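K.L.:
return atomic coordinates for the entry below.
(chains A and B)
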Protein chains: 2
Amino acid sequence: MTNTPIITAMDILDVRFPTSEGLHGSDAVHPDPDYSCVYVVLHTNTKLKGNGLAFTLGRGNQIIKLGVEALRDLVIGLSLENISNDFGKIWHTLASEGQLRWLGPEKGAVHMSMAAIVNAMWDLWSKYEKKPLWLLLTEMEPERLVKCLDFTWVTDVLTPQEAIILLKKNTKDKDNRIKQMQKTGYPGYTTSAGWLGYSEDFMRTQCRKAISAGFNMFKAKVGSDLGDDIRRLRIIREEIGYDRILGVDANQKWDIQKAIDWMKALQEFKLEFIEEPTSPDDILGHATIRKALAPLGIKVATGECCANRVMWKQLFQAESIDIAQIDATRMGGVNEVILVMLMAAKFGIPVCPHAGGVGLCEMVQHLIMFDYCAISGKLNFSEYVDHLHEHFTEPCVVKNGHYTAPTNPGYSSTMHQTSLHNYQYPHGPEWQKRLQKSKKRKIILDGE
Amino acid sequence: MTNTPIITAMDILDVRFPTSEGLHGSDAVHPDPDYSCVYVVLHTNTKLKGNGLAFTLGRGNQIIKLGVEALRDLVIGLSLENISNDFGKIWHTLASEGQLRWLGPEKGAVHMSMAAIVNAMWDLWSKYEKKPLWLLLTEMEPERLVKCLDFTWVTDVLTPQEAIILLKKNTKDKDNRIKQMQKTGYPGYTTSAGWLGYSEDFMRTQCRKAISAGFNMFKAKVGSDLGDDIRRLRIIREEIGYDRILGVDANQKWDIQKAIDWMKALQEFKLEFIEEPTSPDDILGHATIRKALAPLGIKVATGECCANRVMWKQLFQAESIDIAQIDATRMGGVNEVILVMLMAAKFGIPVCPHAGGVGLCEMVQHLIMFDYCAISGKLNFSEYVDHLHEHFTEPCVVKNGHYTAPTNPGYSSTMHQTSLHNYQYPHGPEWQKRLQKSKKRKIILDGE
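P.N.:
As a prediction, this is how the structure comes out:
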């Protein structure tokens, strides 16, 4: 790879959607999310651009934006050749900048900022190679792919050599799996029926829509009020029956014993899993909950707020979870997710990505198809939420309850110029309209 | 408590000291720190003000500043009565703001931002009560103190009731311990001799100075080059002998096996502890290292980058550490540190605060004296570094190797107006002078 594009400039946009107005995304600890993202454009000395994003719930987006800004000097001037030849090292440099790392290390706002940049680099690389990301990753030589990863702090469970062996183990049927993805896609599950703020009628309508759209797995939000959870789960089970899979999500609401007690009280609904029963940092707490719920056949899932590969490593070591819900922008982008998927495979834990938000469905479809084709070789379910896809130039397409395989080059993370214009915060017309209506003029200053 | 001050305004300052110019603070993963802080002033409708800060290494300070700004609306309008009557609840509100919490939860930049505010609230409260913070805490009714704490996610190891019992257990000799603090103070240890960037001569001079200043415990930085570590530890042991205690600090440099091997190679120096051998997130990794080094008599210490009480809880549960190095601004301020010190006492783990940086010595002296008087009843060592104290109106005073007990009201976290003026980044004269010299004009924009 020579004469590759060189990154010459970086745009950083604060883009927010006023989803709180419809209570979309309401759960036990996030009552009013405005699904938002920091959107990064890597300009090059060619026509090619790389687009990446980090997802947030609205307030705080300005912090991620400033975090991306703080990394600018480490990004400008890199060529795609630099990146593709030694991505592991470049990733490490971004993750461990000598002064910035104090704000992590490798967790929270600064790590999410890094995700937006790293995801844009992968988009650029895929576009250069004229392949959708999932296929670029799947077809890459294991040795080259492993050079993209930073094994710092995880070599006690996974070394580069082991990773190469893992990737080579499944090559035999890889071509068949690629064809399968291109033909039938990857199974999705839907969260759209069970948000906390929804009325009974709306839930029933959503369930029926989802069934006719081919979904066989559903998820509902729980954790604020036990009586209300029972009422809502009853409605959902009435609609979807007991042959379809139903999981629930507490969004970190409970302490350990409360999680166990609450889930026992929901036993009649034959729930497949409980997602985020407690603090995402509580590795040992999840292990305790898992042990207590195993006799009931209820699995434990977590991951959308799991800060980095070191936390994931321990979730596997401590046998804390049954399902690994990787996220596309929580950690330092694609590279770190690949490491986590490799560790999951080593421990035999299925990967079921978190999605929804802004652009998460678009991105995780690439990650999970790569996992299926090149790492785990096993099909699970990948979350799907029908929100905000219209803002992407290549929105994910779900048919018969399956994500169809992306065919266009890139990471499907490019947004429409009009969307970027209209929803920029706080100066875009959609926000100016709202802010002018609102008496809370101070909000205007919030994002600046 | 009625007619208490009401918070009417909040100033947020980005203050940075160019410590990288002298290699002060250089270690295996932070080659060039500029010790910095975000400094918060809570103005009230009275003459009283609360001052608090969060410490950083320079770049990234602007991110913490924006994090504090994002919490402004939750702070303005609170009265000291609101705070002192229900601090646990107010703390929870700040820690779990419905949109911002996505950037944590309760970790990294947004959590450190919160620390600056919460620390300023405690400074205000102490000044109102005309007591130094350590005495305010020590003399507070256990029931009232426990109401200041947020037990979310830790009730599996500590409930409010247990916390009250723990606090009441040691009341018998409390008055004697208060007198002891006021008479002889709390033992410190020094890190000033062993930073990585120091020359041999400078190290010897620093060791001799520290011995004549009464220190009996020392710490050196290690982890970049084994040969260099051996050379430097030999110099230090030559100077301080083998009767004085010597610990080492790797600042997260190693993977698990490397940590074990490296420390075995330093066996001859009879080291008391290894601090931060690996990722601060690796609870199970620390446990593995501790088990391997126990036969050598080397203890494991960590904490300055331990993100929150949930991580601390697990360090105790998994028997990962021998020494708990709490930090004054890493977590959500005083309240969360108290919870950690209570858990440490329950598990019988000594607390030895991390200090140095900007204002950390000033603050941790209050925390550790409170721990001794009201929680653990046991003396350990508290880190001391002789940097930047001149910028505080009531700098900590170390005599005969002991922190002397603060007597002035507050948290000792108030800085001189001239320091705040001169070192504000990037517009203060000390930075303008440097930035005008530097050709890297872009740095000017970095903090804005």
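K.L.:
now the stretch 51-200 of chain A against chain B: closest residue?
P.N.:
A:Gly108 (1.9 Å; C-beta to the nearest C-beta). The way it works is simple: take the backbone N, C-alpha and C, and place the C-beta from them, glycine included.
K.L.:
is it true that that residue touches B:Glu106?
P.N.:
No. Contact criterion C-beta atoms under 8 Å: A:Gly108 and B:Glu106 do not qualify, at 9.1 Å.
K.L.:
which residues are common contacts for these two?
P.N.:
By C-beta atoms under 8 Å, 6 or more residues apart in numbering or on different chains, A:Gly108 and B:Glu106 have these common neighbours: B:Ala307.
K.L.:
those two: who's more crowded?
P.N.:
A:Gly108 (30 against 26; other C-beta atoms under 10 Å in any protein chain shown).
K.L.:
for that one, which non-adjacent residue is closest in space?
P.N.:
In this structure, A:Gly108 finds its nearest non-sequential neighbour in B:Gly108, 1.9 Å apart by C-beta to C-beta, 6 or more residues apart in numbering or on different chains.
K.L.:
and the pLDDT at that neighbour?
P.N.:
If you check B:Gly108, the pLDDT there is 98.
K.L.:
same question for the one 10 residues further on.
P.N.:
For B:Val118, the model assigns a pLDDT of 98.
K.L.:
ok, it - contacts?
P.N.:
B:Gly52, B:Trp91, B:Leu94, B:Gly332, B:Gly333, B:Val334, B:Asn335.
K.L.:
turn those residues into JSON lines, including neighbour count.
P.N.:
Converted to JSON lines, the contacts of B:Val118 look like this (neighbours: other C-beta atoms under 10 Å in any protein chain shown):
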{"residue": "B:Gly52", "neighbour count": "30"}
{"residue": "B:Trp91", "neighbour count": "23"}
{"residue": "B:Leu94", "neighbour count": "23"}
{"residue": "B:Gly332", "neighbour count": "28"}
{"residue": "B:Gly333", "neighbour count": "28"}
{"residue": "B:Val334", "neighbour count": "29"}
{"residue": "B:Asn335", "neighbour count": "25"}
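K.L.:
so which of the residues you listed belong to helices?
P.N.:
Those of the contacts of B:Val118 mapping onto helices are B:Trp91, B:Leu94, B:Val334, B:Asn335, per DSSP state H.
K.L.:
report the buried residues of the longest helix along chain A.
P.N.:
Using DSSP H, we find that the single longest helix of chain A is helix A:108-128. For helix A:108-128, burial by neighbour count (16 or more other C-beta atoms under 10 Å in any protein chain shown) applies to A:108-128.
K.L.:
same question for stretch A:254-270.
P.N.:
A:Trp254, A:Asp255, A:Ile256, A:Lys258, A:Ala259, A:Ile260, A:Trp262, A:Met263, A:Leu266, A:Phe269.
K.L.:
kindly report the same for stretch A:319-334.
P.N.:
Per 16+ other C-beta under 10 Å, stretch A:319-334 contains these buried residues: A:320-334.
K.L.:
next one: that stretch to chain centre, how far?
P.N.:
Mean-position distance between stretch A:319-334 and its chain equals 8 Å (C-alpha atoms, centre = their mean, to the nearest Å).
K.L.:
end-to-end on it?
P.N.:
Across stretch A:319-334, the straight-line distance between its terminal residues is 24 Å, by C-alpha to C-alpha, to the nearest Å.
K.L.:
one more: stretch A:210-225?
P.N.:
End residues of stretch A:210-225 are separated by 25 Å (C-alpha to C-alpha).
K.L.:
right, is that stretch up against chain B?
P.N.:
No. Using C-beta under 8 Å from any C-beta of the partner chain, stretch A:210-225 never reaches chain B; the gap is at least 12.9 Å.
K.L.:
next one: stretch A:13-33
P.N.:
Yes. For a cut-off given as C-beta under 8 Å from any C-beta, stretch A:13-33 has contacts with chain B, namely A:Val29, A:His30, A:Pro31, A:Asp32, A:Pro33.
K.L.:
pLDDT value on A:Glu21, please?
P.N.:
87.
K.L.:
could you give the number of residues near it?
P.N.:
10.
K.L.:
can you tell me how far it is from chain B?
P.N.:
Distance, A:Glu21 to chain B, using C-beta to the nearest C-beta, to the nearest Å: 14 Å.
K.L.:
check contacts around the spatially most central residue of chain A.
P.N.:
By C-alpha atoms, centre = their mean, chain A has its centre lying nearest to A:Asp327, at 2.6 Å. Taking C-beta under 8 Å, 6+ apart, we find A:Asp327 in contact with A:Gly303, A:Glu304, A:Cys305, A:Cys306, A:Val337, A:Pro353, A:His354, A:Leu360, A:Val364.
K.L.:
surely A:Arg177 touches A:Leu379?
P.N.:
No. The criterion here is C-beta under 8 Å, and A:Arg177 misses it with A:Leu379 at 9.2 Å.
K.L.:
overlap in contacts, the two.
P.N.:
The contact lists of A:Arg177 and A:Leu379 share A:Tyr372, where a contact means C-beta under 8 Å, 6+ apart.
K.L.:
identify the residues contacting the spatially closest residue to A:His402 that is not a sequence neighbour.
P.N.:
Nearest residue to A:His402, sequence neighbours excluded (C-beta to C-beta, 6+ apart): A:Gly185, at 3.6 Å. By C-beta under 8 Å, 6+ apart, the contact list for A:Gly185 reads A:Val398, A:Lys399, A:His402, A:Tyr403, A:Thr404, A:Ala405.
K.L.:
the same query, at a cut-off of 7 Å, please.
P.N.:
Contacts for A:Gly185 (C-beta atoms under 7 Å, 6 or more residues apart in numbering or on different chains) come out as A:Lys399, A:His402, A:Tyr403, A:Thr404, A:Ala405.
K.L.:
show the buried residues in the residues you listed.
P.N.:
Buried among the contacts of A:Gly185 (16+ other C-beta under 10 Å): A:His402, A:Tyr403, A:Thr404, A:Ala405.
K.L.:
tabulate the residues you listed (CSV), appending secondary structure, distance to B:Leu71 and pLDDT.
P.N.:
Below are these laid out as CSV (DSSP: H, G, I helix; E, B strand; the rest coil; distance: C-beta to C-beta, whole Å; pLDDT from 0 to 100):
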residue, secondary structure, distance to B:Leu71, pLDDT
A:His402, strand, 43, 98
A:Tyr403, strand, 38, 98
A:Thr404, coil, 43, 98
A:Ala405, coil, 44, 98
